[in-house]
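Chemist: The sequence isn't on hand, but the structure is:
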């Protein structure tokens, strides 16, 4: 039985339908699933009332459930969740969503950001439709979605640049670059998938002592400070730069 939920983002939060248990896939010529009907309806939905009217009619037509058809997953789900954690499909997917298919419509006037099961960062634009299968943005999901961008959201790149980090994207990796107080051209690379978490892990794993030690034999040459104390201070400043970046990105996805 292929399960599915129909979800809307709106100004007051997130509302999801109950899980519909059966045929919530797309028609494939052999099996007449309900996926196309859901996506076609989402295209015309402009308000939460439109959404609720469709879900009720959809239930009457296919399932006839007598249970409550709607709930707020941030309040009524398993435990207290932030929107960021709810929309991070890499952790606890089956505790938060469980369904095979998720059908989203963004009724907000601003972008919604989401991380798929395999770590891809998605941006759902206003009026956008997103389909996921077990938390992933698979090719047939892409085909039926609209107004969805894959990659690091622009607002996160803006946060990096506001802190004087340059960001360069190469084949699924993000290279971040910034000069330290002593003039080191400091560069590190993380995958674009799970970008915020990767930056946080890099900051947590950075060892200022090891970084300073790396430059000891070169001190006094090629622009490297001659003082070991200055090397240590500069490495500690790099740690602060990384911590500042990680915190700013974390706050950025929580907004």
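Modeler: Yes, it's here. This structure is a prediction, so every number in the text was calculated from the model and none was measured.
Chemist: Next, the contact list for residue 234, please.
Modeler: For residue 234, the contacting residues are 180, 181, 182, 184, 212, 225, by CB atoms under 8 Å, 6 or more residues apart in numbering. C-betas here are computed from N, CA, C, even on glycine.
Chemist: how would you label residue 127: helix, strand or coil?
Modeler: strand (DSSP: H, G, I helix; E, B strand; the rest coil).
Chemist: Do I have it right that it meets residue 106?
Modeler: Yes: using CB atoms under 8 Å, residue 127 makes contact with residue 106 at a distance of 6.4 Å.
Chemist: what touches both of those two?
Modeler: residue 147.
Chemist: Of these two, which one has the most company?
Modeler: A side-by-side neighbour count of residue 127 and residue 106, using other CB atoms under 10 Å, places residue 106 first with 23 against 16.
Chemist: which ones are touching the more buried one?
Modeler: Applying CB under 8 Å, 6+ apart, the residues contacting residue 106 are 8, 9, 112, 124, 125, 126, 127, 128, 129, 130, 147.
Chemist: Make sure the last one is indeed in a strand.
Modeler: So that's residue 147. Yes: under three-state DSSP, residue 147 falls within a strand.
Chemist: picking that back up, now a ChimeraX select for only the buried ones of the contacts of residue 234.
Modeler: ChimeraX command restricting the contacts of residue 234 to the buried ones, with burial defined by 16 or more other CB atoms under 10 Å:
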select :180,182,184,212,225
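Chemist: Can you tell me which of the contacts of residue 234 lies closest to residue 41?
Modeler: Comparing these against residue 41 with CB to CB places residue 180 closest, at 54.1 Å.
Chemist: Just the local confidence number for the closest one, please.
Modeler: Here, the pLDDT recorded for residue 180 equals 96.
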